[in-house]
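Asker: sequence unknown, structure follows:
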């Protein structure tokens, strides 16, 4: 039996769709693109950061890879490796773990860069532009291949680099100035 793939004219149509699975999809030009499972390395780094941010914001404001973030452009949604949400999001996300464009942006998003040129361009260029457009105050790129953690801060609508941190460099976070964390601690979490 031939099955046709669903096509969606709007993000609302996509949100109403249920294929009966727990798969994550990005909506790209009206079509569903299945998001592959995260590498264990990426998950370990995100889990480590969950424990780091836990004392600052509590467990209800930290979301892992399953948080869906509506963005402009293509694809229409992203799944950051880790997201620190605003207090107001807790209630808004009770039914579906999706931050819509009509909602306030999250406070911080973290992406762990996977190997390969395509992933580099996706995280450093495409997601950066979408997160900047979305008004997310702080964006971290954790790049195990470059042995670096880059922190970006939104200033006047544009991301500027707070710093690229390596080895024993202390990571500087504008949103969490009390944070005491080094690049090595973050990068070693995935080993």
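Answerer: That came in fine, so what should we check first? Note that the structure is predicted; figures quoted are calculated from it, not measured.

Asker: Let me know the secondary structure of the most centrally placed residue in the chain.
Answerer: Geometric centre of the chain, nearest residue: residue 80, 1.8 Å, by Cα atoms, centre = their mean. Under the three-state scheme (DSSP: H, G, I helix; E, B strand; the rest coil), residue 80 adopts coil.

Asker: so which strand or helix has the closest residue in space to it that isn't next to it in sequence?
Answerer: Using Cβ to Cβ, 6 or more residues apart in numbering and skipping the chain neighbours, the partner closest in space to residue 80 is residue 109 (4.2 Å). Every residue, glycine included, has its C-beta placed from N, CA and C. In this structure, residue 109 sits in strand 108-112 according to DSSP states H and E.

Asker: List the strands paired with that strand, with their directions.
Answerer: As defined by DSSP bridges, the strand partners of strand 108-112 come to strand 82-84 (antiparallel), strand 138-143 (parallel).

Asker: So residue 119 lies in a strand, does it not?
Answerer: No - Residue 119: not assigned to a strand; according to three-state DSSP it is helix.

Asker: pLDDT at it, what is it?
Answerer: We have a pLDDT of 85 for residue 119.

Asker: Help me confirm that residue 43 is found in a helix?
Answerer: Yes - under three-state DSSP, residue 43 falls within a helix.

Asker: my guess is it meets residue 65, correct?
Answerer: Yes - between residue 43 and residue 65 there is a contact under Cβ atoms under 8 Å: 7.4 Å.

Asker: Now do the shared contacts for the two.
Answerer: residue 81 (Cβ atoms under 8 Å, 6 or more residues apart in numbering).

Asker: ok, back up a step: redo the strands paired with strand 108-112 as CSV? Include distance to residue 55.
Answerer: CSV is the format used below for these (distance: least, Cβ to Cβ, whole Å):
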stretch, distance to residue 55
strand 82-84, 13
strand 138-143, 18
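
Asker: okay if I get those as TSV plus mean neighbour count and mean pLDDT?
Answerer: Formatted as TSV, those follow (neighbours: other Cβ atoms under 10 Å; pLDDT from 0 to 100):
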stretch	mean neighbour count	mean pLDDT
strand 82-84	26	98
strand 138-143	22	98
